[in-house]
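Trainee: pasted the sequence and its predicted model underneath.
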Amino acid sequence: MFMLKVENLHVSVSDKEILHGVSLNLEKGELHVVMGPNGSGKSTLALTIAGHPKYTVTEGRILFEGEDITEAKPEERAKKGIFLSFQHPVEVEGVKVINFLQRVLKNLRGIDEVEAYDMIFKAVEELGLDESILTRFLNVGFSGGERKKLEMLQAYLVRPKLLILDEPDSGVDVDSLKVIASIINRLHEEGTSILLITHYGRILEYLKPNRVHVLKEGRLVKSGGVELVRIIEEKGFAAVEEL
């Protein structure tokens, strides 16, 4: 049984179709990468799997552990074990990171605030992050790297069955990228299935994907191994279609 099965997925936003029949399968414990130029539909795919209400599935379906979740609400998908790390995490003035993470753990894992408090500080230490991040307001004044590392801290605490990463390498420096990649690897080694969205291969220098998919203009034009990343880096996305 596949962890995630996307079948002939057509997705529209404001009556404009963005995805035109995308299909892919991800087995339990695998790390798959979706690449493509800007505007190819990568983020639409990620947000649709997570259940964002802005995106309407007009045809096809999404199966998670064999269950059809095409019509499931975002919170239902989250409780089933799907976690989306956003490309642009929002700022929330007045809400401290520590309190936000405690609420996340209570809602998704049923962990009380006292136990969650200890878990959060332990995770920060294990991952080599700066404890001061916990006393700041959620994403307010954060750099790109700090925002992405906080997203990864959330994922590490939640321990999802499926982790969807929407461009975790966007707007981060080299040192932050290495930290983010190390957390991804740690979760992958512990059995989390991962679907990683990116449009260039910098982060893939630190990861070992099982499969690479290439999206272009809302269609999946190629699936293969890591050799596709090298071809894209050397010759661009157009070269992939010629294979």
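Mentor: Nice, I can see it.
Trainee: show me what the helix or strand hosting Asn8 is packed against.
Mentor: Following DSSP states H and E, one finds Asn8 within strand 4-13. Identification of packing neighbours for strand 4-13 by 3 or more Cβ pairs under 8 Å, 6 or more residues apart in numbering; DSSP states H and E yields strand 16-26, helix 42-50, strand 56-64. C-beta coordinates here come from the backbone N, C-alpha and C atoms, glycine included.
Trainee: starting at the chain centroid, how far to the longest one?
Mentor: Just to be clear, that refers to strand 16-26. 17 Å (Cα atoms, centre = their mean, to the nearest Å).
Trainee: who does that strand pair up with?
Mentor: Here strand 16-26 is paired, per DSSP bridges, with strand 4-13 (antiparallel).
Trainee: I'd guessed Leu195 sits against Ile49; true?
Mentor: Yes. Under the criterion of Cβ atoms under 8 Å, Leu195 makes contact with Ile49 at 7.4 Å.
Trainee: who touches both of these two?
Mentor: With contacts taken as Cβ atoms under 8 Å, 6 or more residues apart in numbering, Leu195 and Ile49 have Leu4, Ile164 as neighbours in common.
Trainee: what about these two, which has more around it?
Mentor: More neighbours surround Leu195 than the other of Leu195 and Ile49, with 26 against 22 (other Cβ atoms under 10 Å).
Trainee: look up how far Asp169 lies from that one.
Mentor: 15 Å (Cβ to Cβ, to the nearest Å).
Trainee: pLDDT score assigned to the residue nearest the centre of the chain?
Mentor: Nearest to the mean C-alpha position of the chain, counting by Cα atoms, centre = their mean, stands Leu165 at 1.7 Å. Leu165 is assigned 97 on the pLDDT scale.
Trainee: let me know the secondary structure of it.
Mentor: Following DSSP: H, G, I helix; E, B strand; the rest coil, we place Leu165 in the strand state.
Trainee: flag every buried residue along stretch 82-94.
Mentor: Neighbour counts using 16 or more other Cβ atoms under 10 Å place Ile82, Phe83, Leu84, Ser85, Phe86, Gln87, Pro89 of stretch 82-94 among the buried residues.
Trainee: next, the angle from the strand holding Asn8 to strand 56-64.
Mentor: 170 degrees (axes from the mean of the first three to the mean of the last three Cα atoms, to 10 degrees).
Trainee: outside of the worst-scoring helix or strand of the chain on mean pLDDT, which residues touch it?
Mentor: Using mean pLDDT, DSSP states H and E, helix 237-241 stands out as the lowest-scoring helix or strand of the chain, at a mean of 83. Contacts with helix 237-241, where a contact means Cβ under 8 Å, 6+ apart, come from Met35, Gly36, Pro37, Val214, Lys216, Val221, Lys222, Leu228, Ile231, Ile232.
Trainee: which ones among these map onto strands?
Mentor: Judged by DSSP state E, the contacts of helix 237-241 include Met35, Val214, Lys216, Val221, Lys222 as members of strands.
Trainee: drop anything exposed from those.
Mentor: Among the ones in strands among the contacts of helix 237-241, those classed as buried by 16+ other Cβ under 10 Å are Met35, Val214, Lys216, Lys222.
Trainee: from those, which is closest to Gly21?
Mentor: Nearest to Gly21 among these is Lys216, at 13.0 Å by Cβ to Cβ.
Trainee: could you chop the protein up by domain?
Mentor: 4-89+143-241, 92-138 (automatic domain parsing).
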